[in-house]
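Asks: model the structure of this input:
(one chain, ligands or ions: 1)
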Amino acid sequence: MKEYNVAIVGATGAVGEEMRKVLEQRDFPIKDIRLLASERSAGRRLTFKRVGIAVAELTKDSFEGIDIALFSAGGSISKKFAPFAVEAGAAVIDNSSAFRMDEEVPLVVPEINPEDIQEHKGIIANPNCSTIQMVVALKPIYDISRIIRVVVSTYQAVSGTGRKAVHELREQTKVLLSDGSVKNEVYPHQIAFNVLPHIDVFFENGYTKEEMKMVDETQKIMHDPDMKVTATCARVPVFVGHSEAVNIETEEKIPLEKARHALENTPGVEVVDSVEENLYPLPVMSEGKDPCYVGRIREDESIENGINLWVVSDNLRKGAALNAVQIAELLIP
Ligand SMILES: NC(=O)c1ccc[n+]([C@@H]2O[C@H](COP(=O)([O-])OP(=O)(O)OC[C@H]3O[C@@H](n4cnc5c(N)ncnc54)[C@H](OP(=O)(O)O)[C@@H]3O)[C@@H](O)[C@H]2O)c1
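Replies: Sure thing, here's the model as predicted:
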């Protein structure tokens, strides 16, 4: 089997760390791995397959000989450096939002639209974490009857903002438990013991960028620009694992058992739905795991053809690193 030279851009970050783990755990055929980050981290040693590797500073010359470049260092870094990687002959899999809505760039969730990677011209975009876990749960329902409308509310973990936010929640929690006063650096308000209905910047229409990503990216991945989606995204004091309440309206009525059966037989989905035993998906259950957990499957009794789901997944894995590595696996002939 061919082996690949792989670069991770943003290797020291929350997603970058998970990428190393996922590449290792899935035994991706790697010849050589290059770990790239800012000049602040240059020289720092990280391990891959129990071997210490020095982090190198990202420059435009970082991609010589690289076959696959996994980018997770933010949109501006992707915009600036992904073209150099493509020019050097690498296939770029980008975790940022920089190219997701570019018509020339496929936006891929391997369980849903793997065929779209055929159209790539050097860059393949990895969708937003909250979108990925929702569409994985929507697809089996959509395959039974077209979905007309989705109303989603998210409860998103702080690791979705990166390492600094994880530190901020930990520090604020400690300080508040000892009666101190908190400093807010990452978020505009205290995140410990709080809920912020605000993820990313606000647009003129009153929605946040995160909420509009869920609308636009879902339509692109599902190839259905007429599917209506509305989202409210909130940040909650959870370290890892996004939770979503997803309300789905379909064209035809789907018997609940048929929906449950379809979900149970969908790769990437694990149904956890036994309310008699208090079993339903939880963020703590998702940490470090691959599936999108689906539970609280029930009819929306307020409309003719409606289903409600509770969907939870590890935002750093299926929401980022795992999905990116699955895309890389699709590139292997
Ligand atoms: N966290 C998630 O759940 C999630 C999910 C999907 C997508 N994403 C996306 O993935 C990206 C990274 O997120 P994260 O959560 O891993 O953030 P993070 O923990 O803050 O890590 C950021 C990474 O980017 C690197 N970086 C920053 N400035 C750089 C520069 N000038 N040159 C080279 N590298 C630079 C950092 O290197 P240093 O250590 O040297 O500063 C670090 O490795 C973002 O685009 C984010 O939107 C995140």
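
Asks: end-to-end on stretch 59-70?
Replies: Using C-alpha to C-alpha, to the nearest Å, the end-to-end distance of stretch 59-70 comes to 15 Å.

Asks: does it reach the ligand?
Replies: No: looking at stretch 59-70 against the ligand by C-beta under 6 Å from any ligand atom, there are no contacts, and the closest approach is 9.0 Å. All C-beta spots, glycine's among them, are computed from the backbone N, C-alpha and C.

Asks: same question for that stretch, mean pLDDT?
Replies: The pLDDT scores in stretch 59-70 average 98.

Asks: okay, buried residues for that stretch please.
Replies: Neighbour counts over stretch 59-70 (16 or more other C-beta atoms under 10 Å) mark 62-63, 66-70 as buried.

Asks: TSV for the residues you listed, including distance to Thr161 and secondary structure?
Replies: Formatted as TSV, those follow (distance: C-beta to C-beta, whole Å; DSSP: H, G, I helix; E, B strand; the rest coil):
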residue	distance to Thr161	secondary structure
Ser62	25	coil
Phe63	27	coil
Ile66	28	coil
Asp67	30	coil
Ile68	26	strand
Ala69	23	strand
Leu70	19	strand
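
Asks: now the closest residue to the ligand within the chain: how far from Ala320?
Replies: Nearest residue of the chain to the ligand (C-beta to the nearest ligand atom) works out as Gly13 at 2.1 Å. Here Gly13 is placed at a distance of 10 Å from Ala320 (C-beta to C-beta, to the nearest Å).

Asks: neighbour count: those two, which is higher?
Replies: Ala320 (28 against 23; other C-beta atoms under 10 Å).

Asks: my guess is the more buried one contacts Gly16, does it?
Replies: No: using C-beta atoms under 8 Å as the test, Ala320 is too far from Gly16 to be in contact (9.5 Å).

Asks: mutual contacts of these two, please.
Replies: Common contacts of Ala320 and Gly16, defined by C-beta atoms under 8 Å, 6 or more residues apart in numbering, comprise Ser72.

Asks: and Thr173, that one's in a strand?
Replies: No: applying DSSP: H, G, I helix; E, B strand; the rest coil, one finds Thr173 to be helix, outside a strand.

Asks: so which helix or strand takes in the nearest residue to it once chain neighbours are set aside?
Replies: Closest residue to Thr173 apart from its sequence neighbours, by C-beta to C-beta, 6 or more residues apart in numbering: Ala192 at 4.5 Å. According to DSSP states H and E, Ala192 maps onto no helix or strand at all.

Asks: next one, pLDDT for Ala192 please.
Replies: Ala192 is assigned a predicted lDDT (pLDDT) of 98.

Asks: hang on, isn't it packed against Gln172?
Replies: Yes: with contact defined as C-beta under 8 Å, Ala192 counts as touching Gln172 (3.6 Å).

Asks: so those two - more neighbours on which side?
Replies: For Ala192 versus Gln172, the count of surrounding residues by other C-beta under 10 Å is larger for Gln172: 24 against 18.

Asks: residues contacting the more buried one?
Replies: Contacts of Gln172 by C-beta under 8 Å, 6+ apart are 182-183, 190-192.

Asks: one more time with 10 Å, if that's ok
Replies: Residues near Gln172 by C-beta atoms under 10 Å, 6 or more residues apart in numbering: 180-187, 190-194, 237.

Asks: okay, now Val201: neighbour count?
Replies: Applying other C-beta under 10 Å, we find 8 residues neighbouring Val201.

Asks: what residues does the protein have near the ligand?
Replies: Contacts of the chain with the ligand, taken as C-beta under 6 Å from any ligand atom, map to 10-16, 37-38, 40-41, 58, 72-75, 77, 95-96, 129, 159-160, 162-164, 315-316, 319-320.

Asks: just the buried ones from those residues?
Replies: Buried among the residues of the chain next to the ligand (16+ other C-beta under 10 Å): 10-16, 37, 41, 58, 72-74, 77, 95-96, 129, 159-160, 162-163, 315-316, 319-320.

Asks: quick check: helices, which of the residues of the chain next to the ligand are part of them?
Replies: Residues of the residues of the chain next to the ligand located in helices (DSSP state H): 14-16, 75, 77, 129, 163-164.

Asks: quick one, strands of the stretch 151-300 of the chain?
Replies: Ranges of strands within the stretch 151-300 of the chain are 228-235, 242-250, 269-271, 292-299, based on DSSP state E, counting those that start in this stretch.

Asks: in TSV, list the ones you listed along with mean neighbour count.
Replies: Below are the strands of the stretch 151-300 of the chain laid out as TSV (neighbours: other C-beta atoms under 10 Å):
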stretch	mean neighbour count
strand 228-235	20
strand 242-250	22
strand 269-271	20
strand 292-299	21
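
Asks: select, out of those, the one closest to Val6.
Replies: Closest approach to Val6 among the strands of the stretch 151-300 of the chain (C-beta to C-beta): strand 292-299, 25.2 Å.
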